[in-house]
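Q: fold the following for me, if possible:
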Amino acid sequence: MEMETQHPGFWDDQERAQKTMRQINELKEMIEPWEALEAEIAENIELAQLLKEEGQADSPDAESLAGLTRELQDRYEKLEIRSILTDESDRLPCFLHINSGAGGTEADDWASMLMRMYVRWAERQNYKVELLDVQEGSEAGISSAQLRIEGFMAYGYLKAESGVHRLVRISPYDSNARRHTSFASVFASPEVDENIEIDMGVKDKDWRIDTFRASGKGGQKVNKTSSAVRVVHFPTNTIVSCQNERSFHQNRDLAFQIMRSRLYAIELEKRKKAADIVEASKSDVNFGSQIRSYVMQPYQLVRDERTEIKVSDVHAVLDGDLDEFIEGYLKSKLREKAANKQ
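A: This next block holds a predicted model:
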């Protein structure tokens, strides 16, 4: 493919050339880390054999080698997780939908905390993050938000986050300083292009377009025209709102792009006969349906209900340190896949 880029006229077809370059970069991201790991393992094996031959098994060099081996093991496990993200959709950019649930103002605040957590996580991965739509809460926080996250395996990783998230803390909005439990839902869907056929249904029967005035922060222009768009898909009870762009047509096009993404994610799960994403989107956003609990009082603990992974540093997790949970979930899927083969 790289040789192809050197041919005269390669850039005459800009769209095709850019697609080829994206494929090259994706392949490099998959292959080069394995090649680097293999080379370092070979060097460590040679050093280990040399130390053994010289009778230096207890030397400082041997201790240093042991530390390097543990680092290589960690890198191997991360790459192993990547190897199970083989679906074409895993490599796509991701739309992340966050909605507050049971808990009133406290739930709205919790939804805004989750939005910040995912933005911080994406920044740690050097991903590009774009806020497409946000609906402010009645008193604080947000009632909903939609993010577009672009980067290597963005959807592959973030699909592990679809579900209900539960927060337990002393509410800053309670004058009696009582402990409150609140909920918010997260739904990840891959960004799909027009080449992928999606059954959108029949106009006027299966979906509806509403227009309204944009709300929230945005200056004087934000409320002057009814440029914001809400699209409702009746068969799946899916609702998408968009008010980020200046014009009605831009918001409508973006809303339909997001709608296609969500319907595609649902269809993917139907094909695989797995209900993780679909059920997460349909679950009641309240007690008993959560995939993860974040407890800040009376003790501090984040617990994933699917993998039973526990982390005591709640603030680090809320600051975007999610890799242990995401990788733990994907590892569990790897184990399930291996068990099914047996």
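
Q: could you pull out the helices in the protein for me?
A: For the chain, the helices defined by DSSP state H cover 2-5, 14-53, 60-83, 105-124, 154-158, 248-272, 276-282, 314-318, 323-341.

Q: which among those is found nearest to His165?
A: Evaluated over these, closeness to His165 peaks at helix 105-124, with 6.1 Å, by C-beta to C-beta. All C-beta spots, glycine's among them, are computed from the backbone N, C-alpha and C.

Q: the closest one - contacts with which helices or strands?
A: With contacts taken as 3 or more C-beta pairs under 8 Å, 6 or more residues apart in numbering; DSSP states H and E, helix 105-124 sits against strand 94-100, strand 128-136, strand 142-150, strand 163-170, strand 179-190, helix 314-318.

Q: buried residues of the fourth one, list them for me.
A: In terms of neighbour count (16 or more other C-beta atoms under 10 Å), strand 163-170 has its buried residues at Gly163, Val164, His165, Arg166, Leu167, Val168, Arg169.

Q: mind giving me a markdown table with the helices and strands packed on helix 105-124 and columns for mean pLDDT and distance to Ser227?
A: Output for the helices and strands packed on helix 105-124, formatted as a markdown table (pLDDT from 0 to 100; distance: least, C-beta to C-beta, whole Å):
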| stretch | mean pLDDT | distance to Ser227 |
| --- | --- | --- |
| strand 94-100 | 93 | 20 |
| strand 128-136 | 90 | 12 |
| strand 142-150 | 93 | 16 |
| strand 163-170 | 93 | 31 |
| strand 179-190 | 91 | 24 |
| helix 314-318 | 97 | 34 |
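
Q: so which of the ones you listed is the most surrounded?
A: For the helices and strands packed on helix 105-124, average neighbour numbers computed from mean count of other C-beta atoms under 10 Å are highest in strand 94-100, which has a mean of 25.

Q: could you tell me the angle between that strand and strand 128-136?
A: 30 degrees (axes from the mean of the first three to the mean of the last three C-alpha atoms, to 10 degrees).

Q: returning to that earlier point: wait, which of the helices and strands packed on helix 105-124 is closest to Gln56?
A: Closest to Gln56 of those is helix 314-318 (C-beta to C-beta; 38.8 Å).

Q: show me what the closest one is packed against.
A: Applying 3+ C-beta pairs under 8 Å, 6+ apart, one finds that helix 314-318 contacts helix 105-124, strand 290-295, strand 301-304.

Q: of all these, which one is nearest His233?
A: The closest of the helices and strands packed on helix 314-318 to His233 is helix 105-124. By C-beta to C-beta, the value is 22.2 Å.

Q: center of this structure, which residue is that?
A: Leu158 (2.2 Å; C-alpha atoms, centre = their mean).

Q: in this structure that one contacts Ser189, no?
A: No - between Leu158 and Ser189 there is no contact under C-beta atoms under 8 Å: 9.4 Å.

Q: the closest residue to Ala160 other than its chain neighbours and Ala228, how far apart?
A: Leaving aside its sequence neighbours, Ala160 sits nearest to Tyr329 (C-beta to C-beta, 6 or more residues apart in numbering; 4.2 Å). Distance, Tyr329 to Ala228, by C-beta to C-beta, to the nearest Å: 35 Å.

Q: just to revisit the earlier point, what's the overlap in contacts for Leu158 and Ser189?
A: Taking C-beta atoms under 8 Å, 6 or more residues apart in numbering as the criterion, Leu158 and Ser189 both touch Cys94.

Q: circling back to that earlier point, what sits against the residue nearest to Ala160?
A: Ala160, Asp304, Arg306, Thr307.

Q: count of neighbours near the residue nearest to the last one when sequence neighbours are not counted?
A: Same thing as Thr307. Distances taken as C-beta to C-beta, 6+ apart place Gly328 nearest to Thr307, at 4.5 Å, with adjacent residues excluded. By the measure other C-beta atoms under 10 Å, the count of residues near Gly328 is 16.
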